[in-house]
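Colleague: With the input below, show me the fold.
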Amino acid sequence: MTYMIDAAPNSVTTVMRALADPTRRAVFERVFESKEISVAELTRGSGVTQGAISQHLKSLKQAGLVAERAEGRNVYYRAAPQGLEPLVTWMDHYGVFWRERFQNLRDLLKEIDP
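Modeller: Just a heads-up that it's a prediction; the model follows:
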């Protein structure tokens, strides 16, 4: 089984742009929740055309968030969790920032009202 991930460089901006669209985010969540899913399966019950689903998948693939595997006339998609790494790294950086600020606030509040 060979999955192809877009070789374009992955950045936090690319990932954020890909996940900013609510429909695209919903498509990604469905792919993530499935071991593997086809465009036809993603289209069913989504209220979105197959062409639109394909465009969303293309954006997700370019962002490195999904991988595809062709089998005959069907293309199957699987989440590529490593694609979220730039976003996780970015959030970790700011997590440290906020943890330090909250600790400073706790210390200040203890000084004011022991």
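
Colleague: So which elements touch the longest helix seen in the chain?
Modeller: The longest helix of the chain (DSSP state H) is helix 85-112. Here helix 85-112 touches helix 12-20, going by 3 or more C-beta pairs under 8 Å, 6 or more residues apart in numbering; DSSP states H and E. Glycine gets a C-beta too; all of them are placed from N, C-alpha and C.

Colleague: Which elements pack onto the helix it packs on?
Modeller: Contacts defined by 3+ C-beta pairs under 8 Å, 6+ apart place helix 12-20 against helix 22-33, helix 50-62, helix 85-112.

Colleague: again, only this time at 6 Å
Modeller: For helix 12-20, the packing partners by 3 or more C-beta pairs under 6 Å, 6 or more residues apart in numbering; DSSP states H and E come out as helix 85-112.

Colleague: centre of the chain versus the helix it packs on, how much separation?
Modeller: Offset of helix 85-112 from its chain centre (C-alpha atoms, centre = their mean, to the nearest Å): 24 Å.
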